[in-house]
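Trainee: sequence below, structure please.
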Amino acid sequence: MAYKSLLTVMTETKISQTALAQMIALADGQDAHAEALCLGVDRSQTGYYYAGANALILQETLSRANAEADEILKFAQDYLGKSGVRWSAENGVAQIADIGRHVARRARFSDLVILPRPYGKDRDAEAEPIVEAAMFEGHAPVLLVPDEIEPISSPKTIMVGWNESIEAMRAIRCALPFLKQAELTRIVVIDPPRHGPDRSDPGGLLSQMLARHSVKCEIDVLSKTMTRVSDILNRHAADTEADMIVMGAYGHSRFREAILGGATRNMLEQSEVPVFLAH
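Mentor: Have a look, this model is predicted:
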C-alpha cells in the first residue's frame, strides 16, 4: 500500500504554504497525485452574528469570500505548476459553520490529508474544524505540519506513541507506508501497566506485527517524569531526532461536533516535527 491520493485544504496562502510544500514532497516520494482544495470562507454566520444585516452586506461578504478563493487558487496553481508532480486544484466558497461538510467529503476520497497544525500564531477560526472534519467525519489520516519546517519525502526515524488504544492502532495501520520506508521506528510506551498481560514485554506484540511488515523497530519504555504525556513524547522526539510522530487522535463529542481532546491538542501545540494522526 502507498499513498496515491494526497489532499490539502487552503483557506489562505501564508500558513498553508508549508503544508502545500510538504504535500508536493510526499507526492514526489510516493508517486502520488497532489490535490489542493482552495476555500474562500464566508465568516458572516448568517442568521446569528449578522441576523439583522441587509442583503447588500451579505452580498459583500460572499463577494469577498469568492475573491479570496480565486486568489488562493491562483497561488496553489502557480506553486503546484512548478513542482513536477501530478496535481489538481479547485476553489469554492463555504460558510464557516458548514466548512466541515465540504472538507469531510473530499477527505473521504483521499489516502492522506496534509494540513498546517491548527494552533499557533495567525490561525483563523476554521483551522481546527478543518482538521476535525478530515479525521472524524472524513475518516482520513491527517499529517499536521509545523510552521517553517523543511518538507520531507520519506521520514527516516519515526516515533510511535503506543498506549494499546484503538486510536493508536488505527494510526499505526494508516501510517504503515511511512513505517515500512523508515530506517527506524521507535515504539514509545510510557509507564506500562504493572499487572497487564504484556507487563513483561510492553510493545512486544506490536513490534512483532510491524516486523512482519519489514518495519525495523525498537521499543522505548519511558517513565512518566512529566505531568503531561505530550511533553514526554515531544522531548523524546527531540532527543532521538525523530522526523515524524505517529499517534492516535482523541476527541470529545459536543453538539454533534468533534472537539480534539486535551492530549491531542497539547501535542499539536508543541510538536516541532510533523504529527501523523488518525481516529
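Trainee: longest helix anywhere in this structure?
Mentor: helix 55-81 (DSSP state H).
Trainee: grab the nearest non-local neighbour of residue 248.
Mentor: residue 167 (2.7 Å; CB to CB, 6 or more residues apart in numbering). All C-beta spots, glycine's among them, are computed from the backbone N, C-alpha and C.
Trainee: do I have it right that the one you found meets residue 261?
Mentor: No: assessed by CB atoms under 8 Å, residue 167 is found out of contact with residue 261, at 9.6 Å.
Trainee: pull the contacting residues for residue 160.
Mentor: By CB atoms under 8 Å, 6 or more residues apart in numbering, the contact set of residue 160 is 168, 172, 175, 179, 185, 186, 187, 188, 245, 246, 247.
Trainee: tell me which element it falls in.
Mentor: strand 157-161 (DSSP states H and E).
Trainee: output the helix or strand following the longest helix of the chain as CSV, restricted to C-alpha atoms.
Mentor: Downstream of helix 55-81, the first helix or strand assigned by DSSP H and E is strand 86-95. C-alpha atoms of strand 86-95 as CSV (Å, rounded to 0.1, in the frame of the first residue of the first chain):
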residue,chain,number,x,y,z
ARG,A,86,0.7,15.3,-10.8
TRP,A,87,-1.7,17.8,-9.3
SER,A,88,-5.1,19.4,-9.4
ALA,A,89,-6.6,22.3,-7.7
GLU,A,90,-10.1,23.8,-7.4
ASN,A,91,-11.8,26.5,-5.5
GLY,A,92,-15.1,27.1,-3.8
VAL,A,93,-16.8,29.1,-1.0
ALA,A,94,-18.0,27.7,2.3
GLN,A,95,-19.7,29.3,5.3
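Trainee: having no further points to raise, I will conclude here.
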